[in-house]
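[1] Here is a sequence together with a model predicted from it:
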Amino acid sequence: MSKQSDLISVSQGAAGDPLFIDTANNRVGVGTASPAQLLQLNGSSPFLNIRDGANSNPRGIEFDYNGSLISGSLINYGATGETALSGGESGTAGYFLTFKTDGSERARIDASGNVGIGLTNPGVPLHVKGFNNGNVMIVDATGTAANYIFDVRDDGTSVFRVDPSGNVGIGTSSPVYNLQVQAGSPIIAAQSSGANGTRLLLSAEDGAVYIGNTYSSSNVPIIFTQAGTSSGVERMRIDTAGRVTMPYQPAFQTNGAGYSLVANEIYAIRPSALFNTGGHYNVVNGRFTAPVTGKYKFHFLFTTATSGAAAPSLYFRRNGSGAHGRVLNYYAQYSSTSAHVVFDLNAGDFVEAVIEPWNSAAVVVWETSWGGYLIG
């Protein structure tokens, strides 16, 4: 042992393994002759070992304020295997724990037990705030077990769950669809901002599915667009009276036109179009070609110009054959007859309106027209 001024050193053997007590500054150095703190350990791999001969006893470090208040501690309880890090014992209201890296706080547990990551004032049990526009949280499950990835519960009951297939369940713990909402009368709502924002509701109750809105105005239609937004092309509209309009529904109507048919002539009429939604009626050959598979309704109007012995018949041809919906017109001046038919057409099928003399006599037509539209 040696003493020099206010420095006491204790060593055995080589001088490189000393214990130094700096009495002037009340500091102890182990492996260093110039401790910068009350206790400084210096070595190639320094450890501080706190050992108790009985495993049932607790051991640790306590932070004592003036001998009257434990403001923090790190304690291991050997009997239970618990290691407790404490930011304050009972009676130390307002104490909290912080976790720092690179000199900056990254996480905090406040006095209420709320955990904040990326912020210093968590208001809920777990509050996470991202850094520099980065990802906030990633949940990445591994393995092949049929389990769930993310589960939110209320009193032990799952209210929101994401399963390994990516299916999301709200009100169910076993979703079988991409999004499954389950309740006694489930409702999915989409609402625009503002006090009277338009609200779209999708609900299921009483064995039926309901779609509607609850906007306070009495003049808010439901509009279907190709893009699903107001900037998309409108495809269908249901107004508040329940009227349905489909501005691009295939439909056409022709102008009236007169013809003079010679005996035994079979003629597919070719009048010009009043309107031709979608352009599926061809005025050159008089054919309407179905753009999609479905049911189509057609009508045909015929009026004779003069009286005589001829009795023309009217009918529709499908794909160039057949005599569908045939009717016979009485041959008196300005006598009119109409024909109607509904076809199940495949996409690409075509329909023509045909006039044919019934008794092989010439026919003079004062006016004839036809049209049709997709029913569905």
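    All right, it came through fine. Numbering: from 1, shown residues only.

[2] Let me know how buried residue 93 is, in neighbour terms.
    By other CB atoms under 10 Å, the residues close to residue 93 number 7. All C-beta spots, glycine's among them, are computed from the backbone N, C-alpha and C.

[3] correct me, but it touches residue 111?
    Yes - using CB atoms under 8 Å, residue 93 makes contact with residue 111 at a distance of 6.2 Å.

[4] Using the record's domain definitions, break the protein down for me.
    Domain assignment for the chain by automatic domain parsing gives 2-41, 58-128, 150-181, 189-243, 251-374.

[5] Would you mind putting the ones you listed into JSON lines with mean pLDDT and distance to residue 136 alongside?
    Converted to JSON lines, these look like this (pLDDT from 0 to 100; distance: least, CB to CB, whole Å):
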{"stretch": "domain 2-41", "mean pLDDT": "74", "distance to residue 136": "38"}
{"stretch": "domain 58-128", "mean pLDDT": "84", "distance to residue 136": "6"}
{"stretch": "domain 150-181", "mean pLDDT": "88", "distance to residue 136": "14"}
{"stretch": "domain 189-243", "mean pLDDT": "77", "distance to residue 136": "23"}
{"stretch": "domain 251-374", "mean pLDDT": "86", "distance to residue 136": "46"}
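
[6] With distance to residue 48 added, can I get the ones you listed in TSV?
    As requested, the domains of the chain are arranged in TSV below (distance: least, CB to CB, whole Å):
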stretch	distance to residue 48
domain 2-41	6
domain 58-128	9
domain 150-181	41
domain 189-243	59
domain 251-374	81
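
[7] so of the ones you listed, which one's packed in deepest?
    Comparing those by mean neighbour count (mean count of other CB atoms under 10 Å), domain 251-374 comes out on top with a mean of 17.

[8] Quick one: end-to-end distance for that one.
    Taking CA to CA, to the nearest Å as the measure, domain 251-374 stretches 6 Å from start to finish.

[9] Repeat that for stretch 119-132.
    End-to-end distance of stretch 119-132 (CA to CA): 13 Å.

[10] any idea how far stretch 246-265 is from the chain center?
    The chain centroid and the centroid of stretch 246-265 are separated by 47 Å, computed with CA atoms, centre = their mean, to the nearest Å.

[11] Which stretch among the domains of the chain approaches residue 47 most closely?
    domain 2-41 (8.0 Å; CB to CB).

[12] and residue 48, helix, strand or coil?
    Three-state call for residue 48 (DSSP: H, G, I helix; E, B strand; the rest coil): coil.

[13] so how far is residue 347 from it?
    83 Å (CB to CB, to the nearest Å).

[14] Same question for residue 313.
    The value you get for residue 313 to residue 347, if CB to CB is used, is 30 Å.

[15] How about residue 172?
    40 Å.

[16] Over to residue 36?
    87 Å.

[17] isn't residue 201 right up against residue 211?
    Yes - checked against CB under 8 Å, the pair residue 201 and residue 211 is within contact range at 7.2 Å.

[18] what helix or strand is residue 211 on?
    Using DSSP states H and E, the element containing residue 211 is strand 208-213.

[19] Partner strands of that strand and their direction?
    In the sheet, strand 208-213 lines up against strand 199-205 (antiparallel) (DSSP bridges).

[20] Convert the strand it pairs with to CSV, retaining C-alpha atoms only.
    Provided in CSV are the C-alpha atoms of strand 199-205 (Å, rounded to 0.1, in the frame of the first residue of the first chain):
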residue,chain,number,x,y,z
ARG,A,199,-72.1,9.0,-46.8
LEU,A,200,-72.2,5.7,-48.8
LEU,A,201,-73.5,2.8,-46.7
LEU,A,202,-73.2,-0.9,-47.5
SER,A,203,-75.1,-3.0,-45.0
ALA,A,204,-76.5,-6.6,-44.6
GLU,A,205,-79.6,-7.3,-42.5
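
[21] what's the spacing between it and its chain's center?
    16 Å.

[22] residues making contact with it?
    With CB atoms under 8 Å, 6 or more residues apart in numbering as the test, strand 199-205 has contacts from 184-192, 209-215, 222.

[23] how about 7 Å then?
    Residues outside strand 199-205 that contact it (CB atoms under 7 Å, 6 or more residues apart in numbering): 185-191, 210-215.

[24] could I get those as a markdown table with distance to residue 25?
    Shown next, in a markdown table, are these (distance: CB to CB, whole Å):
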| residue | distance to residue 25 |
| --- | --- |
| 185 | 75 |
| 186 | 72 |
| 187 | 72 |
| 188 | 70 |
| 189 | 69 |
| 190 | 70 |
| 191 | 68 |
| 210 | 80 |
| 211 | 80 |
| 212 | 80 |
| 213 | 77 |
| 214 | 76 |
| 215 | 77 |
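
[25] Nearest to residue 119, out of those residues: which one, please.
    Closest to residue 119, out of all of these and judged by CB to CB, is residue 191, at 29.0 Å.

[26] mind checking how far residue 174 is from residue 165?
    Distance from residue 174 to residue 165, counting by CB to CB: 11 Å.

[27] ignore the last one, residue 85
    Following CB to CB, the distance that separates residue 85 from residue 165 is 39 Å.

[28] What pairs with the helix or strand where residue 161 lies, parallel or antiparallel?
    Secondary structure from DSSP H and E places residue 161 in strand 157-162. When pairs are called by DSSP bridges, strand 157-162 turns out to pair with strand 150-154 (antiparallel), strand 168-170 (antiparallel).

[29] I appreciate the help and will end here.
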